[in-house]
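Asks: Coordinates for the following, if possible.
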Amino acid sequence: MFQDSKFHSANGGRRERRRHETHTRIFDAAMRLFSERGFTNTPVEEITEAADVAKGTFFNYFPTKESILEALAERQLSVVKAAEERAKDAPAIRPVLLDMVHGLADRPSRSPLLLRSLMGVAMTNNTLSKFLGRVLEAGRGHLSVILARGQQLGEVRNDLPALELARVMQHSFFGTNVIWALSAPSDLDKWIDKTFEIVWRGIAAEAMPIAAPAVSAVKEKQL
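Replies: Okay, here's the model as predicted:
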């Protein structure tokens with residue numbers, strides 16, 4: 001006896017929705033615990049207890065505890081992708097970039113302990129380190145598309161490739177978040193705003209062009 005295709009579609013939709021809800025519940029519980037205790041000090045058992053799921057369920061969604069950090073990195077990348085999509089029709093990219101850098105700071109940078117934990121694991125776990133490197137490279141590519149749009153609008157300097165400007169932005173904000181996490185408690189939004197203003201002055205169309213490297217006196221004599 002054949003069942004209505006709509007029945008299968010509805011059931012499939014419900015299953016997918018439940019899977020998404022379970023994945024989100026585990027992820028959010030892990031982020032909360034990592035923020036409070038750090039990554040190393042949070043065993044999987046405490047994550048599953050906080051998420052109210054069985055330990056086996058956890059591993060159905062995350063093969064390892066480190067894979068939660070991979071999911072976090074992918075979520076960060078989705079923020080940059082969303083900004084790229086928004087920039088396509090935006091009359092100006094400055095507000096798009098400002099919203100993006102604040103959006104990236106929502107996680108993990110709202111917790112200094114979480115950010116320090118992430119950096120510690122990334123520096124010691126070769127697999128995670130390589131994964132995060134690929135995510136950063138992908139994010140740089142998406143950011144360069146936004147900046148190329150700014151160059152087309154005459155808003156961003158065009159004497160340097162968009163990808164190089166993207167690298168500078170990425171380094172600046174990554175450094176800002178890390179240094180903030182290692183400093184005395186303070187307002188992260190203010191740090192981000194200050195960094196953004198400085199970086200923007202450097203990449204805006206009215207910024208001074210990069211001069212050719214000066215030839216030293218010794219080198220000049222050799223020539």
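
Asks: what stretches of this protein score poorly on pLDDT?
Replies: Scanning the chain for pLDDT under 70 picks out 1-12, 107-109, 207-223.

Asks: where along it do the strands fall?
Replies: Using DSSP state E, no strands are found in the chain.

Asks: And the spatially most central residue of it, how close does it get to residue 41?
Replies: The residue lying closest to the centre of the chain (Cα atoms, centre = their mean) is residue 76, at 3.2 Å. Counting by Cβ to Cβ, to the nearest Å, the separation of residue 76 from residue 41 is 23 Å. (Glycine included, C-beta is placed from N, CA and C.)

Asks: With residue 196 instead?
Replies: Distance check for residue 196 against residue 41: by Cβ to Cβ, it reads 33 Å.

Asks: Looking only at neighbour counts, state which of those two leads.
Replies: Taking other Cβ atoms under 10 Å, residue 196 and residue 41 do not tie; residue 196 has more neighbours (20 against 12).

Asks: Make sure the more buried one is actually in contact with residue 100.
Replies: No - the criterion here is Cβ atoms under 8 Å, and residue 196 misses it with residue 100 at 10.0 Å.

Asks: can you pull the contacts of residue 123?
Replies: residue 129 (Cβ atoms under 8 Å, 6 or more residues apart in numbering).

Asks: okay, now the domains of this structure?
Replies: As recorded under automatic domain parsing, the domains making up the chain are 1-62, 66-208.

Asks: Determine which stretch of these is the most buried.
Replies: Of the domains of the chain, the one with the most neighbours on average (mean count of other Cβ atoms under 10 Å) is domain 66-208, at a mean of 16.

Asks: Longest helix of this structure, counting residues only.
Replies: Assignment by DSSP state H gives helix 5-37 as the longest helix of the chain.
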